[in-house]
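Enquirer: turn this into a structure:
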Amino acid sequence: MKAKDILESIFVKEMIEVTTNLYNHGWDERNGGNVSYLLKEEEVIPYINVNKVIREIPMQFDASELATKLFLVTGSGKYFKNVENAPAKNIGLIRIKEDGMSLELLWGLEDEAVPTSELPSHLMTHISRLSVDPNNRIVMHCHASHLLAMTYSHDLDEKSFTRTLWKMCTECLVVFPEGVSIIPWLVPGTNEIGEATAEKMKETRLVVWPHHGIYGAGKDMDEVYGLIETAEKAAEVYTYVQSQGGIKQTITDEQLLDLAEAFGVVPRKEFLESPIALH
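Expert: Sure thing, here's the model as predicted:
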């Protein structure tokens, strides 16, 4: 039976759409940013021969916890603006080998291209998020402009940073009630930054990399893109508010709790100033 065209698969179409949108937002300039998508073998089998390995790629990280799992990933040094017109050159389908120290390329990443240099961070985050929610399949990193700017002008304290975002847009507490995490500035592409991010991902789905960007994780492309988009919108409003002379009035903690009750979410209690119990 002839395999279907992988370019017609839902997962490739989703990857093309999200990378295009991230680029058009200005959040992934040049070759900035990366995305990984955990796939099930049954989703892939109609499109490729999973027993045909194009080549093996070594990895400086033990990903044996993800052995045999399949990921659609963006390529190292690849520009998101080119994914739509040349997907096979800019993204690839990989499988983690049993030893966890190398990858098997099953499709894409043509011309000897390799997965994003942030792959260890992605895989560590996938491990963390799967331990929290087995339905988490997406990890996304971008340089969201206003969130990036905010890391220069706002205290890098998770509680105050989260509270500012929650109070800039009413929907924020509903979208990310657990708040956002922040790690110290670390060299990108290293296991160290991956380990720090993965540890924070046990608590939140958004992790800010100061002076660099943001990491998001969740169950599907819409959830993760929407998480980042919502936090970025709040940071944009914060920028406008600061330029207009600062905060004169805002959403109160009491109102945040009313909001949580109305939408059935539980905000992170230690991020609320008032010792008001949930209603």
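Enquirer: alpha carbons only for contacts and neighbour counts from here, please
Expert: Fine.
Enquirer: as a check, name the ranges of all helices in the stretch 101-250 of the chain.
Expert: 119-132, 145-153, 158-168, 172-175, 191-200, 221-243 (DSSP state H, counting those that start in this stretch).
Enquirer: of all those helices, which lies closest to residue 70?
Expert: helix 119-132 (11.1 Å; Cα to Cα).
Enquirer: what's around residue 139, how many residues?
Expert: Residue 139: 28 surrounding residues under other Cα atoms under 10 Å.
Enquirer: quickly list what it is bridged to.
Expert: Per DSSP bridges, the residues bridged to residue 139 are residue 36, residue 217.
Enquirer: thinking it is in contact with residue 216, fair?
Expert: Yes: judged on Cα atoms under 8 Å, residue 139 makes contact with residue 216 at a distance of 5.8 Å.
Enquirer: shared neighbours, these two?
Expert: Common contacts of residue 139 and residue 216 (Cα atoms under 8 Å, 6 or more residues apart in numbering): residue 224.
Enquirer: can I get the helices of the stretch 101-250 of the chain in CSV with distance to residue 253, mean pLDDT and mean neighbour count?
Expert: As requested, those are arranged in CSV below (distance: least, Cα to Cα, whole Å; pLDDT from 0 to 100; neighbours: other Cα atoms under 10 Å):
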stretch, distance to residue 253, mean pLDDT, mean neighbour count
helix 119-132, 28, 96, 22
helix 145-153, 22, 97, 18
helix 158-168, 9, 97, 21
helix 172-175, 11, 97, 22
helix 191-200, 24, 96, 19
helix 221-243, 17, 97, 19
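Enquirer: so how far is the first residue of stretch 198-212 from its last?
Expert: End-to-end distance for stretch 198-212, by Cα to Cα, to the nearest Å: 17 Å.
Enquirer: no, scratch that, I was asking about stretch 38-51
Expert: 18 Å.
Enquirer: one more: stretch 152-170?
Expert: 24 Å.
Enquirer: so where is the chain shaky, pLDDT-wise?
Expert: Applying pLDDT under 70 to the chain flags the ranges 1-2, 274-279.
Enquirer: go again using 90 as the cut-off
Expert: Within the chain, the stretches with pLDDT under 90 are 1-3, 59-61, 189, 246, 273-279.
Enquirer: which residues in it form strands?
Expert: 34-39, 55-58, 70-74, 91-96, 102-108, 138-142, 181-182, 206-209, 213-218 (DSSP state E).
Enquirer: now do the domain split for the protein, please.
Expert: 1-117, 118-279 (automatic domain parsing).
Enquirer: go ahead and measure how far the longest one is from the middle of the chain.
Expert: Domain 118-279 has its C-alpha centroid displaced from the chain centroid by 11 Å (Cα atoms, centre = their mean, to the nearest Å).
Enquirer: now the shortest one
Expert: Centroid displacement of domain 1-117 relative to its chain, using Cα atoms, centre = their mean, is 15 Å.
Enquirer: okay, now the residue nearest to residue 58 when sequence neighbours are not counted: neighbour count?
Expert: Nearest residue to residue 58 in three dimensions, chain neighbours excluded: residue 102, at 4.2 Å (Cα to Cα, 6 or more residues apart in numbering). As a burial measure, residue 102 scores 21 neighbours (other Cα under 10 Å).
Enquirer: same deal with residue 109?
Expert: 24.
Enquirer: OK, contacts around it?
Expert: Contacts of residue 109 by Cα under 8 Å, 6+ apart are 75, 88, 89, 90, 91, 92, 115.
Enquirer: quick one: buried ones out of those residues?
Expert: 75, 88, 89, 90, 91, 92, 115 (16 or more other Cα atoms under 10 Å).
Enquirer: could you dump the strands of the chain to a markdown table with distance to residue 173?
Expert: Formatted as a markdown table, those follow (distance: least, Cα to Cα, whole Å):
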| stretch | distance to residue 173 |
| --- | --- |
| strand 34-39 | 25 |
| strand 55-58 | 41 |
| strand 70-74 | 30 |
| strand 91-96 | 34 |
| strand 102-108 | 38 |
| strand 138-142 | 20 |
| strand 181-182 | 14 |
| strand 206-209 | 13 |
| strand 213-218 | 16 |
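Enquirer: and the ones you listed: which comes nearest residue 252?
Expert: So among the strands of the chain, strand 181-182 is nearest, using Cα to Cα, at 21.6 Å.
Enquirer: fine by me, we can end here.
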